[in-house]
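# Sequence and predicted structure below; questions after.
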Amino acid sequence: MRHTSFSKKDQSDGDTYFIRWRRQIRTLPWHRFFNILLSTNGKISNFLPPVTKDTIFAKLHDFEVFPAYLDVNTMDVLSSLARDANKNYNPERTVYLGIPLWGSLAQAGVSIIHLIHLASQKIRNFSKNNKDYLANLACAVCSLALEVPPRIAEVDSLIASHMATAIGASLDCTSILCTYPSDTILALGAMKGIIDVGWENNLDTLVELFSCGIVEAGERGELVNRILFLKAYADAVNECYPEEPLTYLQKIPLKSFLNSLLRDEIHGLNKLLEDMEIDEAEISFNHWITLLATNQDYVG
């Protein structure tokens, strides 16, 4: 990112370097730059990029969302390194389709297993406490595509310490909207975090969210389905690959997933899949995403 250097003679006006830097970045395209700033800071200062309405909370409350969020959802800075596009399934490509940190480390020789371990540590802020509310909340929000209400006290900490990304702010800059963009490695880290501390501990955190009214009543049934599907996939992977290091990027037979999900409740499942000609189908997924309406003015 280029910017004009500050000259010493500019100091005569008494402004701090930060004030002059802030004035300067007003003239920069917000594309890319603000994503980096918001991904690493839990507080918003008194400058904002152009804004647009988006997300459920932004529509229901007096919030605006940064157009840069459209790029936060598709962080493809290193996508050119993701070879074998449209060819055979290659899990290694995923390291280049998210936060640039993963791709940079992969280029330096870090294995995908170690990247996922790092992601699981970072999203939990290196907490080893199975009952850590914030760490469990971060993993649940990332894996299950939960919307985080902007007025809860945890928002700042999720952004500053648990890998969440700020996507908007209230007009008075007192509350922040945050989310977890669709990032496969980070989502795998969140899923590993859930499995390592146990599904029960994470479900206890979700129950606390219910009691606080954070998850709307109408979304709770859908949330239960997301949990069941994700756990069924994780259990099926453990069964299909008992001796391999698990990345949860492995493909599994569709019938193995359905057996894990339904526990033999559908009689004649194999015959049904054969009749549908999908008996050899395979699947792989590791998190849910939320599709949001976008402002067409910012879509190329």
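Sure, I can see it.

# so how many other residues sit close to Cys212?
Look at Cys212: counted by other CB atoms under 10 Å, it has 10 neighbours. C-beta: built from backbone N, CA, C; applies to glycine.

# Contacts only, for it.
Ile152 (CB atoms under 8 Å, 6 or more residues apart in numbering).

# Likewise for Lys251?
89, 282-284.

# let's see 10 Å
Taking CB atoms under 10 Å, 6 or more residues apart in numbering, we find Lys251 in contact with 89, 91, 237, 240, 281-285.

# So which residues of the stretch 51-200 of the chain form helices?
For the stretch 51-200 of the chain, the helices defined by DSSP state H, counting those that start in this stretch occupy 56-60, 69-72, 100-107, 112-123, 133-144, 154-161, 184-197, 199-211.

# Can you lay out these as JSON lines showing mean neighbour count, mean pLDDT and distance to Cys178?
Converted to JSON lines, the helices of the stretch 51-200 of the chain look like this (neighbours: other CB atoms under 10 Å; pLDDT from 0 to 100; distance: least, CB to CB, whole Å):
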{"stretch": "helix 56-60", "mean neighbour count": "14", "mean pLDDT": "53", "distance to Cys178": "10"}
{"stretch": "helix 69-72", "mean neighbour count": "21", "mean pLDDT": "47", "distance to Cys178": "11"}
{"stretch": "helix 100-107", "mean neighbour count": "18", "mean pLDDT": "86", "distance to Cys178": "18"}
{"stretch": "helix 112-123", "mean neighbour count": "20", "mean pLDDT": "95", "distance to Cys178": "13"}
{"stretch": "helix 133-144", "mean neighbour count": "24", "mean pLDDT": "93", "distance to Cys178": "9"}
{"stretch": "helix 154-161", "mean neighbour count": "19", "mean pLDDT": "87", "distance to Cys178": "5"}
{"stretch": "helix 184-197", "mean neighbour count": "25", "mean pLDDT": "94", "distance to Cys178": "14"}
{"stretch": "helix 199-211", "mean neighbour count": "15", "mean pLDDT": "86", "distance to Cys178": "15"}
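
# so which of those helices gets nearest Phe229?
Closest approach to Phe229 among the helices of the stretch 51-200 of the chain is made by helix 133-144 (10.0 Å; CB to CB).

# the inter-axis angle of that closest one versus helix 154-161?
If you take axes from the mean of the first three to the mean of the last three CA atoms, to 10 degrees, helix 133-144 sits at 80 degrees to helix 154-161.

# can you give me the angle helix 133-144 makes with helix 199-211?
Helix 133-144 runs at 90 degrees relative to helix 199-211, counting by the same axes, to 10 degrees.

# Helix 133-144 to helix 112-123, inter-axis angle?
Put simply, helix 133-144 runs at 130 degrees to helix 112-123, going by the same axes, to 10 degrees.

# Dump helix 133-144 to CSV, restricted to CA.
Taking C-alpha atoms only, helix 133-144 is exported to CSV below (Å, rounded to 0.1, in the frame of the first residue of the first chain):
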residue,chain,number,x,y,z
TYR,A,133,-16.9,-18.6,27.2
LEU,A,134,-15.4,-16.3,24.6
ALA,A,135,-13.3,-19.0,23.0
ASN,A,136,-16.3,-21.3,22.7
LEU,A,137,-18.4,-18.5,21.4
ALA,A,138,-15.9,-17.7,18.7
CYS,A,139,-15.7,-21.3,17.5
ALA,A,140,-19.5,-21.6,17.5
VAL,A,141,-20.1,-18.3,15.6
CYS,A,142,-17.4,-19.2,13.0
SER,A,143,-18.6,-22.8,12.4
LEU,A,144,-22.4,-22.2,12.6
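
# still on that earlier bit, of all the helices of the stretch 51-200 of the chain, which one is nearest Leu177?
helix 56-60 (6.1 Å).

# Redo the helices of the stretch 51-200 of the chain as JSON lines? Include distance to Ala169.
Listed next are the helices of the stretch 51-200 of the chain as JSON lines, based on distance: least, CB to CB, whole Å:
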{"stretch": "helix 56-60", "distance to Ala169": "10"}
{"stretch": "helix 69-72", "distance to Ala169": "12"}
{"stretch": "helix 100-107", "distance to Ala169": "24"}
{"stretch": "helix 112-123", "distance to Ala169": "23"}
{"stretch": "helix 133-144", "distance to Ala169": "19"}
{"stretch": "helix 154-161", "distance to Ala169": "10"}
{"stretch": "helix 184-197", "distance to Ala169": "22"}
{"stretch": "helix 199-211", "distance to Ala169": "22"}
